[in-house]
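> Coordinates for the following, if possible.
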Amino acid sequence: MSSSAPATPSALPAPRAPERNPLPIRLMVDDTDSPTDVLDALFLTAFTTGEQPFSHQHRVENLRPDFDLLPSGATVLRAANDSSRRVILAEGEGYTALVSYGRHNNAVTVTAVSAELAEQTVKAAVDGAEAEPEPQPDHVSMGFWHFSPLRGPSRSTRQISAGTWDEVRPNYTAPVADAMDRLMKFTPDAGAGRLLLLHGPPGTGKTSALRTLARSWREWCQVDCVLDPERLFNDIGYLMDAAMGEEDGSESGRWRLLLLEDCDELIRGEAKNAAGQALSRLLNLTDGLLGQGRNVLVGLTTNEDLERLHPAVVRPGRCLARIEVGPLTHPESVNWLGTEEGVSREGATLAELFALRRGNGPTSIAEPVPEAGLYL
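Take a look at the predicted model:
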């Protein structure tokens, strides 16, 4: 009795053509939908039916003025504008394109009969679309992560203003300034911990210090701010995306600092019970398996007292720096303000000093201070 040989790759059956109408399509529109919502839905028709089973997308962060993202030769089917974006639905030979223009969200998405056609169409449409930002010595590029219900983990970049440490240093009391001196000069070859913790009362300048740190480290470190840290450590997919980073054209080996502001619930003493696995994942990112092989630092800010923080967070060897950012003393406050009027005996926070400089009393310190930024 003869036995048949195992099938070789050449003997495998050819892939089947995409099925037509694999999913029922039902578009329901009511008065809560806008014309741009309708275009978003219509765009998915050919992809849903399987007629164009491949898709490719590219987002343009810094679109050149008056640049047209519409693929060359495409026929416009619909166009709509609303308060936040302009959308064009178009088609070409073998593909459908959705072009979206927004203040910080410009994108081309294409569905096509082949993966190659989808990718090539998008690539041709965005070629030359990215404008080179004008160099500004007092600005630094910062990434912002958030979880979008439609797109999942998303990262965008912005140019933020940040003063030099020499300019900002007088905003901090002497012990804090001395500790910051060492931090601003830190380089990754120093081999310290991977957790940076700034704690202290609101209004003392923790956020301002981090902006300046981003400028001081910009030659070797990309700073990314996570806007929803509570979601980050409760969603393992989101955490993996943020931990591995996103391709931004930076050279291999460049470090990243993930900033998580106002993490009181995550790192206080009872966090292990209240936050479940979130605290464990945070610690794993700093010196556990999750952080191995990744050049990632984690920066935390909190208004909690050090005694109320979880001991695992502040244990020796884990923190690159652990700095309590407090108010300026009375003499420092008077020297900063140039007058003793309005300064209490205990001194003042940075936010209070800027409010006094503007002529506002302590009850007005919650108002925005454009020249100083945020002071959490």
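
> Show me the strands in the stretch 1-150 of the chain, by range?
Using DSSP state E, counting those that start in this stretch, the strands found in the stretch 1-150 of the chain span residues 54-60, 75-81, 85-92, 95-102, 106-112, 139-148.

> and among those strands, the most buried is which?
Mean neighbour count, computed with mean count of other CB atoms under 10 Å, is highest for strand 106-112 among the strands of the stretch 1-150 of the chain, reaching a mean of 24. Using the backbone N, CA and C atoms, a C-beta is placed for each residue, glycine as well.

> so where's this structure shaky on pLDDT?
The model of the chain has pLDDT under 70 over residues 1-25, 104, 133-137, 190-191, 245-252, 265-276, 288-293, 306-308, 310, 360-376.

> can I see the domain layout of it?
Following automatic domain parsing, the chain resolves into domains at 35-126, 139-324, 330-364.

> Pull out the buried residues from the shortest one.
Right, the one you point to is domain 330-364. Buried residues in domain 330-364, defined by neighbour count with 16 or more other CB atoms under 10 Å: 332-334, 336-337, 342-343, 347-357, 360.

> Repeat that for stretch 41-57.
Under the neighbour-count criterion of 16+ other CB under 10 Å, stretch 41-57 has Phe43, Leu44, Ala46, Phe47, Thr48, Thr49, Glu51, Gln52, Pro53, Phe54, Ser55, His56 buried.

> how near is the fifth one to His199?
Summarising the geometry, the distance separating Thr48 from His199, computed by CB to CB, to the nearest Å, is 51 Å.

> do the same with the third one
Separation of Ala46 from His199 (CB to CB): 54 Å.

> can you check Leu309 too?
According to CB to CB, Leu309 and His199 sit 7 Å apart.

> Same question for Lys123.
To His199, Lys123 is 47 Å away according to CB to CB.

> ok, these two, which is more surrounded?
Between Lys123 and His199, His199 has the larger neighbour count (other CB atoms under 10 Å), namely 24 against 13.

> mind listing what that one touches?
Going by CB atoms under 8 Å, 6 or more residues apart in numbering, His199 touches Lys206, Thr301, Thr302, Asn303, Glu304, Asp305, Leu306, Leu309, Arg322, Ile323, Glu324, Val325.

> List the contacts of the nearest residue to Val60 once chain neighbours are set aside.
Sequence neighbours aside, Asn106 is the residue nearest to Val60 in space, at 4.4 Å (criterion: CB to CB, 6 or more residues apart in numbering). Asn106 is in contact with Arg59, Val60, Glu61, Leu63, Leu69, Ser100, Ala129, counting by CB under 8 Å, 6+ apart.

> same thing but 10 Å
Contacts for Asn106 (CB atoms under 10 Å, 6 or more residues apart in numbering) come out as 58-64, 67, 69, 85-86, 99-100, 126, 129-130.

> and what of Gln52?
Per CB under 10 Å, 6+ apart, neighbours of Gln52: 18, 44-46, 91, 94-96, 110-114, 117-118.

> One more: Asp241?
Listed by CB under 10 Å, 6+ apart, the contact partners of Asp241 are Trp145, Phe147, Gly152, Pro153, Ser154, Arg155, Leu232, Asp235.

> what about 6 Å?
Asp241 makes contact with Pro153, according to CB atoms under 6 Å, 6 or more residues apart in numbering.

> Identify those among the contacts of His199 that sit within helices.
Lys206 (DSSP state H).

> got the contacts of His199 as JSON lines, with neighbour count and distance to Leu285 columns?
Below are the contacts of His199 laid out as JSON lines (neighbours: other CB atoms under 10 Å; distance: CB to CB, whole Å):
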{"residue": "Lys206", "neighbour count": "26", "distance to Leu285": "21"}
{"residue": "Thr301", "neighbour count": "21", "distance to Leu285": "17"}
{"residue": "Thr302", "neighbour count": "24", "distance to Leu285": "17"}
{"residue": "Asn303", "neighbour count": "15", "distance to Leu285": "22"}
{"residue": "Glu304", "neighbour count": "18", "distance to Leu285": "20"}
{"residue": "Asp305", "neighbour count": "12", "distance to Leu285": "24"}
{"residue": "Leu306", "neighbour count": "13", "distance to Leu285": "21"}
{"residue": "Leu309", "neighbour count": "21", "distance to Leu285": "17"}
{"residue": "Arg322", "neighbour count": "19", "distance to Leu285": "17"}
{"residue": "Ile323", "neighbour count": "21", "distance to Leu285": "20"}
{"residue": "Glu324", "neighbour count": "16", "distance to Leu285": "23"}
{"residue": "Val325", "neighbour count": "27", "distance to Leu285": "23"}
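
> which one of the contacts of His199 sits closest to Val76?
Nearest to Val76 among the contacts of His199 is Thr301, at 48.0 Å by CB to CB.

> doesn't Glu261 make contact with that closest one?
Yes - counting by CB atoms under 6 Å, Glu261 is a contact partner of Thr301 at 4.8 Å.
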